[in-house]
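>>> When you get a sec, could you give me coordinates for this:
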Amino acid sequence: MYVRAYAEDEQGHAAYPDDQKKQISAAPCDAVAAFTASTDLAYAEFDTTGSAGDLSFDYGDGTTGTELRHRYAAAGNYSVTLTATDVANQCTAVKTLFMAITRISGNQAPVADAGPDQTANPGDIVALDGSASHDPDPDDEISYLRTQTDGTLMTLTDPLAVQPYFIADVPGEPLEFSLTVTDRLGFSDDDQVTVNVNQIPVAVALGPDRSLYEGGDGDTGRFRLLGP
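Okay, the predicted model is just below:
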């Protein structure tokens, strides 16, 4: 920057004793305004990595502050401005971002549906279907966790899958499983399902054309005694 010195009398006449322009170096400004924003329902979170100086926000809703997390009272589009101030050199840097708050409240818990109870034969591959689970909030995603709560421990193909499988290799035993679904805010719901595994039929010689009550799962079988 260049300046030129002069003197002025009471009548406004100027004199320039030094007609040379002088260069003056301005003090460096160490203020840096840099930030990113992310939203979660009514809240916005700001990351000021890379900024320098004293930082303050204009949140765009009529409020200001220094907090990195801000709650908005209404959905809408907001212009957020970060001002960084270098107090020593009396200078500032400014950055503005635009963001949208689409929904401010009313998060609802998801609904777990572990599927209907089932009956399987020994050796069957059984699918535990949780695909009917859902979240009433259209923007939410849910995660799945399947655990066994009763019966001989089965090996599930993937406990975190929507539809895990296992082999029913325990005749005559009910197996109980619990499904927990959780949304991104930690709200969750549980549901249970039972898989009844049939007994293995046993052939017993009773004579021609007789019925046998098997027991266990209530099934009957009809047998014929074959002989010489």
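>>> Surely residue 149 and residue 193 touch.
No. Using Cβ atoms under 8 Å, residue 149 makes no contact with residue 193, being 10.0 Å away. Placement of C-beta: from N, CA and C, glycine included.
>>> which ones are touching residue 127?
163, 164, 165 (Cβ atoms under 8 Å, 6 or more residues apart in numbering).
>>> So which of those residues wins on neighbours?
Most neighbours among those, by other Cβ atoms under 10 Å: residue 164, with 21 neighbours.
>>> Name the nearest residue to residue 119, sequence neighbours excluded.
Leaving out its chain neighbours, the residue that sits closest to residue 119 by Cβ to Cβ, 6 or more residues apart in numbering is residue 196, at 4.9 Å.
>>> before we move on, the earlier item: mutual contacts of residue 149 and residue 193, please.
Where contact means Cβ under 8 Å, 6+ apart, the residues bridging residue 149 and residue 193 through contact with each are 176, 177.
>>> Tell me which of those two has more neighbours.
Under the neighbour definition other Cβ under 10 Å, residue 149 and residue 193 were set side by side, and residue 193 has more, 19 against 10.
>>> That one against residue 119, yeah?
No. Counting by Cβ under 8 Å, residue 119 is not a contact partner of residue 193; they are 11.9 Å apart.
>>> Quick one: residues contacting residue 148.
154, 156, 175, 176, 177, 178.
>>> and with 6 Å instead?
Applying Cβ atoms under 6 Å, 6 or more residues apart in numbering, one finds that residue 148 lies in contact with residue 177.
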